[in-house]
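build me a structure from this.
(chains A, B, C and D)
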There are 4 protein chains.
Amino acid sequence: MSSTFGEIFRIHTYGESHGGGVGVIIDGCPPSIPVSLENIQHELDRRRPGQSDIVTPRKEADTAEVLSGLHDGLTLGTPISIAVKNTDQRPGAYDEMAVKYRPSHADYTYDAKYGIRAPSGGGRASARETIGRVAAAAVGKQVLNAISPGIEVIAWVSTIQHIHANVDPATITSEQVESNIVRTGDPNVVETMINHIKKIRSDGNSVGGIIECVIRNCPPGLGEPIFDKLEAELAKAMLSIPATKGFEIGSGFQGTLLTGKEHNDPFEMRDGKVRTTTNHSGGVQGGISNGENIIFRVAFKPTATIISEQDTVTDKGETTKLMGKGRHDACVLPRAVPIVEAMATLVLTDHLLRQRATRPV
Amino acid sequence: MSSTFGEIFRIHTYGESHGGGVGVIIDGCPPSIPVSLENIQHELDRRRPGQSDIVTPRKEADTAEVLSGLHDGLTLGTPISIAVKNTDQRPGAYDEMAVKYRPSHADYTYDAKYGIRAPSGGGRASARETIGRVAAAAVGKQVLNAISPGIEVIAWVSTIQHIHANVDPATITSEQVESNIVRTGDPNVVETMINHIKKIRSDGNSVGGIIECVIRNCPPGLGEPIFDKLEAELAKAMLSIPATKGFEIGSGFQGTLLTGKEHNDPFEMRDGKVRTTTNHSGGVQGGISNGENIIFRVAFKPTATIISEQDTVTDKGETTKLMGKGRHDACVLPRAVPIVEAMATLVLTDHLLRQRATRPV
Amino acid sequence: MSSTFGEIFRIHTYGESHGGGVGVIIDGCPPSIPVSLENIQHELDRRRPGQSDIVTPRKEADTAEVLSGLHDGLTLGTPISIAVKNTDQRPGAYDEMAVKYRPSHADYTYDAKYGIRAPSGGGRASARETIGRVAAAAVGKQVLNAISPGIEVIAWVSTIQHIHANVDPATITSEQVESNIVRTGDPNVVETMINHIKKIRSDGNSVGGIIECVIRNCPPGLGEPIFDKLEAELAKAMLSIPATKGFEIGSGFQGTLLTGKEHNDPFEMRDGKVRTTTNHSGGVQGGISNGENIIFRVAFKPTATIISEQDTVTDKGETTKLMGKGRHDACVLPRAVPIVEAMATLVLTDHLLRQRATRPV
Amino acid sequence: MSSTFGEIFRIHTYGESHGGGVGVIIDGCPPSIPVSLENIQHELDRRRPGQSDIVTPRKEADTAEVLSGLHDGLTLGTPISIAVKNTDQRPGAYDEMAVKYRPSHADYTYDAKYGIRAPSGGGRASARETIGRVAAAAVGKQVLNAISPGIEVIAWVSTIQHIHANVDPATITSEQVESNIVRTGDPNVVETMINHIKKIRSDGNSVGGIIECVIRNCPPGLGEPIFDKLEAELAKAMLSIPATKGFEIGSGFQGTLLTGKEHNDPFEMRDGKVRTTTNHSGGVQGGISNGENIIFRVAFKPTATIISEQDTVTDKGETTKLMGKGRHDACVLPRAVPIVEAMATLVLTDHLLRQRATRPV
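Below you'll find the model as predicted:
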């Protein structure tokens, strides 16, 4: 259903932006996996507001509390419940938004779907909802470490509007990505990207861009051949992140310009393993990982909240104007990097366990 | 699991390219929906081989047989089983492929996953598997007609390699798409596209391209807000089609070049309804349909099977050469148009029923 | 998976007896249903320890907190998270049990399954886990009230060991059941049952019995015909309650002594409706409700925890003796009545929504 | 959903009693398991009509055809589709039943649920539907053999109305059960049971009874602790079989007459393993197998079809009489024995794979 993701390593999230809090239950986690609150809090800190001067200045501590499923630093095999309280609530700040539909937000569609809507902030459509995903993926990461050591999931900001980063997926490190507040992997564009975001913000405007992600050392054989192809699961995972508009893997849309002779990845033997000499496939063939690097890109639209006057209507059907306010990200990409990694990690963890069920290695 | 798609209108497919046959069970179909064998066969004929001189000349009748769930032209509410026998089997044609991994095919990854593989043809990875999807969607189309009359799902070939069609999603008709064997919606490029595909085929090569799809008259409120966002479900559905490498909705990857001021879709009242003046969102906001046209694009890589010699390895790890043969599509896009429509139809049908469960209209 | 129940009205529980707390997420709840904290707390109070002098004297307030999914007393259609903190923790009381397997408890089987176990109390196998079920069913009850007014779910203690209550399922009321601490529906056996439980407790022993439940005014048409038959779902729901050993519906095991001529329920027209003149079927035919009273019985074994010395082994495989201690119920049935009602309510709510998806009424 | 059973080893059935045929798809079967058509046909022959002179004389060959998922006697890991054509169709024999509701059949409830109904025979409610379950379990049995050699699932007729068989679950063999056409395990009651069934049939009447089943050599650790307890899954599986009214495990309903001191199963070490000295638990504690014999009983009501005149109503609401005819079982239990074994096998296979996913052994 709506708030559940995964078949075996299965997570359930809850929570509105305003109200008691947000959180997640992880069901199906293997027992005896070492997981600490530090593992979880570290990932949450990477996505939280207020971490640098190019993201929203909201002060939300986003402190995780583990309510169940762990004992003495080990998973029990039972559901792991992680909760984060809502603290920085300013319901008043949203009074106008309670009646005026914010353009390109989910206000209108929630009303169309449910006939009722949380009146403050984005409710369930808030990016705060992703806290549960990131917390769950922090646990997933420990499962991957334990079962298939060496798997790495690294994402970075590949473009901000027209500014491109030049990054080699084969060698990029998490340290390189984390070394700059815009979370790109190319030191040459860090300043340009930061300045562009600041400029756009000072204009009351917003920008989007592309996040690229590589999964290295993924064992061959993950992914299910028909509907739950690994790339299909990744596509769904990525398009479930707020503000995303596109997904491509390997050669992607550009690959449609090549011919088959150019695009096919010849096989060869390397270090006693079946490998490909090129990687237009992006690490997945027939929906199943082939042992090469899995490389994909995700398009993020410019943030819908802008500090400018816009035409809109009220929930009563009256034409009106809305002036955005509040403390928002002019560009979500730096904070979206850990979310992309989280969703990829959840897909991998689930498929690793699915593969174990039918053919343990 | 692997061969199941949907939550309420739920399909299960089966079948290898060689063996008894392929088929589908549809579970959760509402009762008393008019469905005929003609409805089903019509859609199967649009995807079958041998239908024109730019697709594979294989002669497969792909005749559907309905084994259960229908009586006197009405659904019973019970599982509908549709089977298509395999007829044009030439196992011998694949002897070489049983040991040599075809580049950019699923031969190697199936071996990596299962440790065993159907030795003839593509097995479960064959495009023949999509027969079940198309048959199920033919039923889904009738459900949509009955429950939400007016919904239209129309796909067309938007590009073949570098050749672009100029098509207006708001007005394109199924008749226009079906009027030409390449299934594009722009009469000015039909000949160019056909000639290009023939030329590529005569070179023993292959090409890919982009299929675009519009869903018109979709009621607002479909799609679930978190993981099962309508665009996430469509993304998964499309990336589950063989040979796809990318998906984008609305402004897609190009939308990352716009600012928020340019990209946001202002609301207005039109004919008493909440509408947007632009549609960069592509008909979905916050994962839920907003009543505008849902527009998305799917990237197809060039066909992996080419009639040229390629480097590869055997399942014993020996370096070798493989010369493609057999009767294959040099370009899958014309036959993939009904498959894109089918997967979109399955997503819509399922979400329409999901919405009815919690809030019937 | 393990901690998820339901297809559309779907609940996920978490929590060990010792640790942060226990709780539940309800996903798939329709929007705009009136639900109050009082609704939830009322049901929790019926199952909590310390409510009378024949149940465990543990003092757990079991105060529910709603973290999400409600606004101004109405459901939002989003996940409803309900948490109950653990307060009365005495980990020390369980030191011996951390190494000695309590007979007929889940200590050994958890170790066999997971290789690790929460060292205090019953962990996830504690009856405390049922708090989430009861809280979720309190919401389900409001959904039933709103969608199908008049449905009643009433359970009562039918037997305590050899003491039988004489109750008419057609007329028994909740008030009658709640009027006595043993929660039976027959005033003539209340004292006998209470005295028997007290006697057994003073012997350091325990007893079980049978809980009977009636669902009145259930609309015909609920239940799915094959695997998810209404009686199959109820059977699973009841056997998922700790300490249960049997389930029967309608004529049950006694019905095997009748012939078909005696057992069949003839149809007649009554008040313009199709009705049966007898009800050996117990309100379900072919897995689907027929509009008659749904009547079933659930067998509960005597409580495993007894205040007597028992033979057992340690988790190291050493033979030993265990002397039960702690504050336990000598008979769980009075507190299990609301749990039986809760599980029945969850089954009904889910199937009502499932029916709406394919055929709204 | 309705026609799906299992989480990982997952089956989907289809088919009405009249129409093209019935069948099953098995998804999630591990690869490289040896399965032959003989394995499948053998089990189907045990449940088919016409096998002896105490069951319905209908002549249905029930010949299985495998359409996919097998190659050279090994599973491919892909969906296995097994189909059985309907052959002995006499739609005319059911004309009267198309409008008159047969008492204690599913005719009325299907109409109430769907508003439409297959007009011939039982439609989807026919016992013919169980063919798919038995065929799938024949495959499941091979999976059990391969992964956990030694597991045995043996069911037998324990009672026919008032006639009791005396059988030791620890030693009963399949050969003993199959040695007599009534499929009981006690040679002393075979003749009595057969004569009673023949007598009842000659009276135009019918009888029910109890089937008992033992699972021997089940490894400890199977079953999920909360909702998917092993006994809860078995209960659902058994109550999903047509004509069942009750389920009990271990001490069952009789166990409610014991005290805790009598009922608890002390642990001891035996052959280096943790074992219990008694087995009132019936092989499951806390929802998880403990390595002892799993023993359960299933109540079957007398067959609803009797060759006697009964009061009923038509689908137009008119009072009428119905005289049963056709070729039916006066007692379903002999043919239900393989169905009970099949459902138990499906539960075990699924839980064995579920356990492998989180903790492979």
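
which strands and helices sit next to whichever strand or helix holds A:Ala336?
Using DSSP states H and E, A:Ala336 falls within helix A:333-358. The helices and strands touching helix A:333-358, judged by 3 or more C-beta pairs under 8 Å, 6 or more residues apart in numbering or on different chains; DSSP states H and E, are helix A:37-47, helix A:130-147, strand A:152-160, strand A:209-216, helix A:230-239, strand A:294-300, helix D:333-358. C-beta coordinates here come from the backbone N, C-alpha and C atoms, glycine included.

residues of the first one that come out buried?
Of the residues in helix A:37-47, those buried by neighbour count under the rule 16 or more other C-beta atoms under 10 Å in any protein chain shown are A:Asn39, A:Ile40, A:Gln41, A:Glu43, A:Leu44, A:Arg46, A:Arg47.

any chance of these in TSV, plus pLDDT and distance to chain B?
Converted to TSV, those look like this (pLDDT from 0 to 100; distance: C-beta to the nearest C-beta, whole Å):
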residue	pLDDT	distance to chain B
A:Asn39	93	23
A:Ile40	97	20
A:Gln41	96	23
A:Glu43	96	18
A:Leu44	96	18
A:Arg46	95	21
A:Arg47	91	16
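
any idea which of these is closest to chain C?
A:Ile40 (13.7 Å; C-beta to the nearest C-beta).

test my guess that that closest one contacts A:Thr63.
No: the criterion here is C-beta atoms under 8 Å, and A:Ile40 misses it with A:Thr63 at 10.1 Å.

low-scoring pLDDT stretches of the stretch 1-150 of chain A, where are they?
For the stretch 1-150 of chain A, the stretches with pLDDT under 70 are A:1, A:88-94.

spell out which residues of it are next to chain B.
A:1-5, A:7, A:13, A:101, A:103-106, A:108-110, A:112-115, A:124-125, A:129 (C-beta under 8 Å from any C-beta of the partner chain).

if we go to 10 Å?
Neighbours of chain B within the stretch 1-150 of chain A, by C-beta under 10 Å from any C-beta of the partner chain: A:1-7, A:11-14, A:100-116, A:122-125, A:129-130, A:132-133.

the helix holding A:Ala336 versus helix A:37-47: what angle between them?
140 degrees (axes from the mean of the first three to the mean of the last three C-alpha atoms, to 10 degrees).

buried residues, helix A:333-358. List them.
A:333-358.

that helix to helix A:230-239, inter-axis angle?
140 degrees.

quick one: mean pLDDT for helix A:333-358?
Helix A:333-358 shows a mean pLDDT of 97.

list the contacts of A:Gly132.
By C-beta atoms under 10 Å, 6 or more residues apart in numbering or on different chains, the contact set of A:Gly132 is A:3, A:5, A:11-15, A:22-26, A:82-84, A:342, B:226, C:79.

write the ChimeraX selection for whichever of those residues are buried.
Of those, the buried ones can be selected in ChimeraX as follows, counting by 16+ other C-beta under 10 Å:
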select /A:3,5,11,12,13,14,15,22,23,24,25,26,82,83,84,342 /B:226 /C:79
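
among the contacts of A:Gly132, which lie within helices?
A:Ala342 (DSSP state H).

tell me where the stretch 151-300 of chain A has helices.
Using DSSP state H, counting those that start in this stretch, the helices found in the stretch 151-300 of chain A span residues A:174-178, A:190-202, A:230-239, A:260-263.

number of residues surrounding A:Cys29?
27 (other C-beta atoms under 10 Å in any protein chain shown).

relative to B:Lys198, how far out is the nearest residue to it once chain neighbours are set aside?
Counting by C-beta to C-beta, 6 or more residues apart in numbering or on different chains, A:Cys29 lies nearest to A:Thr75, which is 5.2 Å off, once chain neighbours are set aside. For A:Thr75, the distance to B:Lys198 equals 59 Å [C-beta to C-beta, to the nearest Å].

neighbour count: these two, which is higher?
A:Thr75 (24 against 14).

any idea what the more buried one is bridged to?
Beta-bridge pairing for A:Thr75 (DSSP bridges): A:Leu70.

any quick ChimeraX command for the buried ones out of the residues of the stretch 1-150 of chain A next to chain B?
Those of the residues of the stretch 1-150 of chain A next to chain B that count as buried under 16+ other C-beta under 10 Å are selected in ChimeraX with:
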select /A:1,2,3,4,5,6,7,11,12,13,14,100,101,102,103,104,105,106,107,108,109,110,111,112,113,114,116,122,123,124,125,129,130,132,133
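
in strands, which of the residues of the stretch 1-150 of chain A next to chain B fall?
A:Thr4, A:Phe5, A:Ile11, A:His12, A:Thr13, A:Tyr14 (DSSP state E).

of those residues, closest to chain B?
Distances from chain B to these, taken by C-beta to the nearest C-beta, are shortest for A:Phe5, at 4.5 Å.

so what's the closest one closest to, chain neighbours aside?
Nearest one to A:Phe5, counting by C-beta to C-beta, 6+ apart, is B:Phe227 at 4.5 Å.

next: A:Ser289.
A:Leu222 (4.4 Å).

how many neighbours does the one you found have?
A:Leu222: 29 neighbours (other C-beta under 10 Å).

so it makes contact with A:Ile288?
Yes: A:Leu222 is in contact with A:Ile288 according to C-beta atoms under 10 Å; the separation is 6.7 Å.

mutual contacts of the two, please.
A:Leu230, A:His351, A:Gln355, B:Thr109, B:Ala112, B:Lys113.

hang on, the earlier thing: now do the helix holding A:Ala336 against helix A:190-202, angle only.
110 degrees.

write out the residues of chain A neighbouring chain D.
Residues of chain A lying near chain D (C-beta under 10 Å from any C-beta): A:7-9, A:27-32, A:75, A:77-79, A:143, A:147, A:224-226, A:350, A:352-361.

now whatever residue of the stretch 151-300 of chain A ends up closest to chain B: closest residue in space that isn't a chain neighbour?
The nearest approach of the stretch 151-300 of chain A to chain B comes at A:Gly286, 2.3 Å away (C-beta to the nearest C-beta). Among residues not flanking A:Gly286 along the chain, B:Ala106 sits closest, at 2.3 Å (C-beta to C-beta, 6+ apart).

list the contacts for the one you found?
Going by C-beta under 10 Å, 6+ apart, the list of residues near B:Ala106 reads A:225, A:229, A:284-288, A:290, B:112-113, B:117, B:122-126, B:242, B:304.
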